[in-house]
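[1] curious how this folds, go ahead:
(2 chains)
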Amino acid sequence: GENVEQHPSTLSVQEGDSAVIKCTYSDSASNYFPWYKQELGKGPQLIIDIRSNVGEKKDQRIAVTLNKTAKHFSLHITETQPEDSAVYFCAASIGDSGYALNFGKGTSLLVTP
Amino acid sequence: KAGVTQTPRYLIKTRGQQVTLSCSPISGHRSVSWYQQTPGQGLQFLFEYFSETQRNKGNFPGRFSGRQFSNSRSEMNVSTLELGDSALYLCASRPTTQDEQFFGPGTRLTVL
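    As a prediction, this is how the structure comes out:
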């Protein structure tokens, strides 16, 4: 079936460095691509999203890029801080409904002081 | 505004039993989706309800079912539990006019 591949599965960076997480998707009808942050014991929290008619979106230290032709999208976190440590998930809409999501397997990000 | 609430937070059942999980969406949200999260498979879409109608369904067996009430609260039911059903079950609600889904804290189900 349709799926989302996410890499790397773990990422360790020093405080202040940048972190990049990459995802690819297979459903050509997908048009909504959110990124979620999940902390221990909590549900996923949306940190940024992008629609297929946009190539890049930025929100303070977080940016997402989308290459619809290549079917891949990436999350960029700059000036990382210890509180950025969490598991990050990318997702792609199942078809163009936007209501149901296929998730990547997650990236465990550790930011060391 | 209160977030998505899920009850119970933790549940232990034995194989063969059935279980019902509850989700109360954010006030005003009419769409509720359910996801199963496991270490091996990650987050997988179960189904989505809008105005008491199931609009989307993931690739799960018929043992997994759900419903939504007129007040938008939703329940999911798993019958004839198997060990592999042990997971964190997440509920997410969404405003009608936006794509963003707001997740609850989940119900941790353990099947022994």
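
[2] tell me the residue of chain B that sits nearest chain A?
    Nearest residue of chain B to chain A: B:Phe103, at 3.3 Å (Cβ to the nearest Cβ). Yep, even glycine has a C-beta here, placed from its N, CA and C like the rest.

[3] OK, contacts around B:Val19?
    B:Leu11, B:Lys13, B:Asn77, B:Val78, B:Leu81, B:Leu109 (Cβ atoms under 8 Å, 6 or more residues apart in numbering or on different chains).

[4] tell me which parts of chain A are close to chain B?
    Counting by Cβ under 8 Å from any Cβ of the partner chain, chain A comes close to chain B at A:1, A:32, A:34, A:36, A:41-46, A:49, A:51, A:89, A:91, A:93-94, A:97-106.

[5] 7 Å - rerun?
    Contact residues (Cβ under 7 Å from any Cβ of the partner chain) of chain A with chain B: A:1, A:32, A:42-46, A:49, A:89, A:94, A:97-103, A:105-106.

[6] ranking by neighbours, what's the top pick from the contacts of B:Val19?
    Neighbour tally across the contacts of B:Val19 (other Cβ atoms under 10 Å in any protein chain shown): the maximum, 25 neighbours, falls on B:Val78.

[7] by proximity to chain B, which residue of chain A wins?
    Closest point on chain A to chain B, by Cβ to the nearest Cβ, is A:Gly43, at 3.3 Å.

[8] check that residue and give its pLDDT.
    Per-residue confidence at A:Gly43 stands at 93 (pLDDT).

[9] for it, which non-adjacent residue is spatially closest?
    Counting by Cβ to Cβ, 6 or more residues apart in numbering or on different chains, B:Phe103 is the residue found nearest to A:Gly43 once chain neighbours are left out, at 3.3 Å.

[10] same question for A:Ile94.
    A:Ala100 (4.3 Å).

[11] wait, what's in contact with the residue most central in space within chain B?
    Note on chain B: the residue nearest the mean C-alpha position is B:Trp34, at 3.4 Å, using Cα atoms, centre = their mean. Residues counted as contacts of B:Trp34 (Cβ atoms under 7 Å, 6 or more residues apart in numbering or on different chains) are B:Leu46, B:Phe47, B:Gly66, B:Met76, B:Tyr89, B:Cys91.

[12] just give me the neighbour total for the first one.
    Using other Cβ under 10 Å as the criterion, B:Leu46 is surrounded by 22 other residues.

[13] show me what A:Ile62 bridges to in the sheet.
    A:Asp59, A:Ile77 (DSSP bridges).

[14] hang on, it packs against A:Thr80?
    No: counting by Cβ atoms under 7 Å, A:Ile62 stays clear of A:Thr80, with 10.4 Å between them.

[15] look at these two and report which has more neighbours.
    A:Thr80 (21 against 17).
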